[in-house]
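Participant: Show me how the following folds:
(4 chains)
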Protein chains: 2
Amino acid sequence: MAVERAQRGSPPTISEVAKEAGVGRATAARTLGDYGYVSAELRERVLAAAEKLGYRANSLARSMSTGVSHTFGVIVADIANPFFAGVIGGIATTSRVRGFDTLVLSTGESLELERDAVGLLIDKRVDGIIIASAAVTAAQTEHIRDAQQRDIPVVLVDRIIEHLPTDAVVIDNREAARGAVRLLLEAGHERIGFVWGPELAQPVTTRRELEAAAAATLWTDGERLRGYLDALDDGGIVVDPALISVEEKTEDGARRSARAMLSSPNPPTAIFTTETDAMIGTIRAMRELSLEFPGDVSLVGFDDTSWAAIMDPPLTMVEQPMTQLGVVAAERLLARIDGDTEPARVLTLSTRLIERASVRKS
Amino acid sequence: MAVERAQRGSPPTISEVAKEAGVGRATAARTLGDYGYVSAELRERVLAAAEKLGYRANSLARSMSTGVSHTFGVIVADIANPFFAGVIGGIATTSRVRGFDTLVLSTGESLELERDAVGLLIDKRVDGIIIASAAVTAAQTEHIRDAQQRDIPVVLVDRIIEHLPTDAVVIDNREAARGAVRLLLEAGHERIGFVWGPELAQPVTTRRELEAAAAATLWTDGERLRGYLDALDDGGIVVDPALISVEEKTEDGARRSARAMLSSPNPPTAIFTTETDAMIGTIRAMRELSLEFPGDVSLVGFDDTSWAAIMDPPLTMVEQPMTQLGVVAAERLLARIDGDTEPARVLTLSTRLIERASVRKS
DNA sequence: TGGCCGACTGGTACCGGTATCACATGCCAC
DNA sequence: GTGGCATGTGATACCGGTACCAGTCGGCCA
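Facilitator: Numbers count the residues shown, from 1 in each chain, chains lettered A, B, ... in the order given. Sure, this is the predicted structure:
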């Protein structure tokens, strides 16, 4: 085990190992790279020399000549967001098993940074890209098509971009939202608030405007809004735009939205929140107004997190399979690399509505 | 903008750009690499040719000849853990500004996987490594010293390894724990439970055994236990080993530990938890036993998360600067790369005890 | 005994950049 | 008129692997 290292200076190369072992460079390469013919005796010598010098293959050089970097690029809005962290976890473990490492880049939902990120990954010659894109329309995806044209497989995760023929792994946000709101409807609620989702430029008044907003925003947000509208339609309830949040997408924006709705003359009796921070903001607003759930307002949210179960009373939530989203996305990428040439597919993972105690019959 | 691409096949190289522009390879390289002399006219031609062919530099090749990969490796136990996700976020944004990308590897606290991970990063010729090592003693860190001997700067984050001369960025876990427990003491509590920390092989009975356990475990856990003991000493309270959890480090282990303490004949009147999941498990146990905080049991925990503030009543927590930990670690690495040769330093970031309403005078 | 094949070895041309160096201008100064 | 320098330009030798290919040797078969 005593690895005697060349006293400082550049790491030993295959040529040095060959010289040390007294064989040709090619023979050393064959031994170390584990390909082609090498006699047992020479293999032994080479291995001993490599050990002695502390040789480690230079993956950069290897990638250069093979054209394969054994690296995946992952682009998300924010690595620190627990949802994306979960997805990345799934991607990393799945691809690691197959020998691929993950280069993570975050964009803060900026399309421009996203473009740079893709360029960077192309330059680094990654073997595949998984991206939760901020792009809404196919016209904004030149960078993604660019990567594909350079034969780098791309898999979208969490978000779909319409008319862009690319593999995608998502959940059915619309159906999940619909189911969550239906639960509220079934409990007898008719005035149901919607906190977060599309960031509306200005308050929207007509149903048509609402649908336009859903189409013009981040896919997940749009879908959740559509699901909310679907459920209302199912229940024969007319949408009241005053119950749809218009503030910016931050915890505090959610708080302000919820507070405004809740302190209006005709407040909602239930609120559906589309993200963790929206739920937190909403509960903050309720505490400020001394409102209780589900006594005063029933609550259903998106993204089951461990604390939702220990709230008092525990929160009813839509659970998303974060890790699984990453696992499946990585598997799709690996399949493409293995030569799968089927047309692009959208894989939809199922969500689960976990009923706890934040909804009350009204 | 019309990027006319070579119809499929390998991406254009600098030679092809040179040919297209009718100049020598070196001239094209100087233009594209932005170094050395090039006349305005030729520069123009080269740029046009590059644009036309859709040329992008191959970072792999560049790294090969410069020996610099512009990539940092980050090794943590679990990417999906919000704490590490926060740290990684800080690292990624800080290094990105200086043109470094982050390769993230997780180990699940396995020292063996950690060793492999370091090897892999060495092979990929990363320019620096930031690691939250699972190693406890310096003897277990051959892999870290190996990287250092190969002139790859290493910065430890969140955890220190004694006797290993390496830069480290941490918080003062001991002092933070001490402060948290002191708060409980000041409120008049004398029987204070400790949930999580060192995973004890078997129940520990003497003070000496406790101290040995603290030294033999993950640094953070050991320090938090020491801080707990410090505070008890300060208050002149003798440690009751029955109030120290012995279960495995999972949310459910915490639940079982807390449940056992709380349902014993002589239960604690306050509990200090050392991690988010420990707090969740503890609260679960309390709900099971219909115990309320702070009425029946006061609570103080580690890791302030957004939901802690909306619990009812809100939780008193020690806030760790997760992102900042990553930022400072990345800055340290950048400084080393810029040639800083000062002796290794330990940077301690401060924590904040956020007092809310989960502690009651007893 | 010659031919052929399989086992093995080493030389060397890639991969796509960077960096050094030799060489060609042209202009100015002495 | 010629030496010197600033400005440009293109060959070419790296970086450290992979992979092809030519060539050697020995054995076996016809």
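
Participant: Show the subsequent helix or strand relative to the helix or strand bottoming out on mean pLDDT in chain A.
Facilitator: The helix or strand of chain A with the lowest confidence, counting by mean pLDDT, DSSP states H and E, is helix A:207-215 at a mean of 90. Per DSSP states H and E, the first helix or strand lying C-terminal to helix A:207-215 is helix A:219-234.

Participant: How far does that following helix sit from its chain's centre?
Facilitator: With Cα atoms, centre = their mean, to the nearest Å as the basis, helix A:219-234 stands 21 Å off its chain's centre.

Participant: who's in contact with whatever residue of the stretch 1-150 of chain A ends up closest to DNA strand C?
Facilitator: Residue of the stretch 1-150 of chain A nearest DNA strand C, by Cβ to the nearest atom of the strand: residue A:24 (2.5 Å). The way it works is simple: take the backbone N, C-alpha and C, and place the C-beta from them, glycine included. Applying Cβ atoms under 8 Å, 6 or more residues apart in numbering or on different chains to residue A:24 gives the contacts residue A:18.

Participant: what about it, distance to residue A:31?
Facilitator: As for residue A:24, its distance to residue A:31 is 11 Å (criterion: Cβ to Cβ, to the nearest Å).

Participant: same thing with residue A:20?
Facilitator: Distance from residue A:20 to residue A:31, by Cβ to Cβ: 12 Å.

Participant: For the two, indicate the residue with more neighbours.
Facilitator: Neighbour totals were compared for residue A:20 and residue A:31, and residue A:31 leads with 25 against 18 (other Cβ atoms under 10 Å in any protein chain shown).

Participant: my guess is that one meets residue A:44, correct?
Facilitator: No - here residue A:31 does not reach residue A:44: they are 9.0 Å apart, not a contact under Cβ atoms under 8 Å.

Participant: just how off-centre is stretch A:322-333 within its chain?
Facilitator: Per Cα atoms, centre = their mean, the centroid offset for stretch A:322-333 relative to its chain is 9 Å.

Participant: no wait, stretch A:344-354
Facilitator: In this view, stretch A:344-354 has its centroid 13 Å away from the chain centroid, taken as Cα atoms, centre = their mean.

Participant: Can stretch A:67-80 be said to contact chain B?
Facilitator: Yes - using Cβ under 8 Å from any Cβ of the partner chain, stretch A:67-80 reaches chain B at A:67, A:69, A:71, A:78, A:79, A:80.

Participant: Pull up the per-residue confidence for the fifth one.
Facilitator: What the model reports as pLDDT for residue A:79 is 96.

Participant: what about it, which SS state?
Facilitator: Secondary structure for residue A:79, judged by DSSP: H, G, I helix; E, B strand; the rest coil, is coil.

Participant: What degree of burial does it show, as a neighbour count?
Facilitator: 26.

Participant: my guess is it meets residue B:85, correct?
Facilitator: Yes - at 6.1 Å, residue A:79 and residue B:85 qualify as touching, with contact defined as Cβ under 8 Å.

Participant: and the gap between the spatially most central residue of chain A and residue B:105?
Facilitator: Centroid-nearest residue in chain A, with Cα atoms, centre = their mean: residue A:84, separated by 4.6 Å. Going from residue A:84 to residue B:105 by Cβ to Cβ gives 17 Å.

Participant: got it, and residue A:121?
Facilitator: Taking Cβ to Cβ as the measure, residue A:121 falls 18 Å from residue B:105.

Participant: Of the two, give the one with the bigger neighbour count.
Facilitator: Per other Cβ under 10 Å, whichever of residue A:121 and residue B:105 has more neighbours is residue A:121, with 28 against 22.

Participant: Leaving out the residues flanking it, which one is nearest to that one?
Facilitator: residue A:73 (3.6 Å; Cβ to Cβ, 6 or more residues apart in numbering or on different chains).

Participant: can you give me the helices for the stretch 151-300 of chain A?
Facilitator: Using DSSP state H, counting those that start in this stretch, the helices found in the stretch 151-300 of chain A span residues A:173-186, A:207-215, A:219-234, A:251-262, A:276-288.

Participant: I'd like to know which elements the first one is packed against.
Facilitator: Right, the one you point to is helix A:173-186. Secondary-structure packing of helix A:173-186 (3 or more Cβ pairs under 8 Å, 6 or more residues apart in numbering or on different chains; DSSP states H and E): strand A:192-195, helix A:219-234, strand A:270-273, strand A:298-302, strand A:316-319, strand A:352-354.

Participant: Averaged pLDDT, the second one. What do you get?
Facilitator: So that's helix A:219-234. pLDDT averaged over helix A:219-234 gives 96.

Participant: List the buried residues for it?
Facilitator: For helix A:219-234, burial by neighbour count (16 or more other Cβ atoms under 10 Å in any protein chain shown) applies to A:219-232.
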